[in-house]
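A.B. asks: Predicted coordinates and the sequence they were generated for:
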Amino acid sequence: MAIVKSSLSGLEGVSASKVSLTEASVWYDPQKTTPQQIVVAISKSGYGATIQQVKSAEVNSVPQNCLFFGWFC
């Protein structure tokens, strides 16, 4: 899953990601990137991705937004 983390870390606005075999959580700045751009970055790394849930994190927590994906090889 290192290739997915690497693809995400190179995307402007992504501040953190947590990647497993079945899902990923991505923290990002919505003023710099979109969920669709994150899906494209994952797809370019050789994996498919779909947006399952987008939610805002608590105020003053870092990172600001969290995006959950379900994905497949």
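C.D. replies: Yes, it's here. Residues are numbered from 1 along each chain as shown.

A.B. asks: Doesn't residue 43 belong to a strand?
C.D. replies: No: assessed with DSSP: H, G, I helix; E, B strand; the rest coil, residue 43 is helix; it does not lie in a strand.

A.B. asks: Quick check: it vs residue 27, distance?
C.D. replies: Separation of residue 43 from residue 27 (Cβ to Cβ, to the nearest Å): 19 Å. For glycine as for every other residue, the C-beta is placed from the backbone atoms N, C-alpha and C.

A.B. asks: Give me the distance from the helix or strand containing residue 17 to the chain's centre.
C.D. replies: Assigned by DSSP states H and E, residue 17 belongs to strand 14-19. Distance, stretch centre to chain centre, for strand 14-19: 6 Å (Cα atoms, centre = their mean, to the nearest Å).

A.B. asks: residues contacting residue 14?
C.D. replies: Shown in contact with residue 14 (Cβ atoms under 8 Å, 6 or more residues apart in numbering): 8, 26, 27, 28, 33, 38.

A.B. asks: Can you show me the strands along this structure?
C.D. replies: Secondary structure of the chain (DSSP state E): strands at 14-19, 23-28, 48-56, 65-72.

A.B. asks: how about JSON lines for these, with mean pLDDT and distance to residue 1 added?
C.D. replies: Converted to JSON lines, the strands of the chain look like this (pLDDT from 0 to 100; distance: least, Cβ to Cβ, whole Å):
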{"stretch": "strand 14-19", "mean pLDDT": "86", "distance to residue 1": "4"}
{"stretch": "strand 23-28", "mean pLDDT": "86", "distance to residue 1": "8"}
{"stretch": "strand 48-56", "mean pLDDT": "83", "distance to residue 1": "12"}
{"stretch": "strand 65-72", "mean pLDDT": "49", "distance to residue 1": "10"}
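
A.B. asks: Same list (the ones you listed) but as CSV, adding distance to residue 2.
C.D. replies: Output for the strands of the chain, formatted as CSV (distance: least, Cβ to Cβ, whole Å):
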stretch, distance to residue 2
strand 14-19, 8
strand 23-28, 12
strand 48-56, 16
strand 65-72, 15
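
A.B. asks: Spatially central residue in the protein, please.
C.D. replies: The structure's the chain has its C-alpha centroid closest to residue 26; by Cα atoms, centre = their mean the separation is 3.2 Å.
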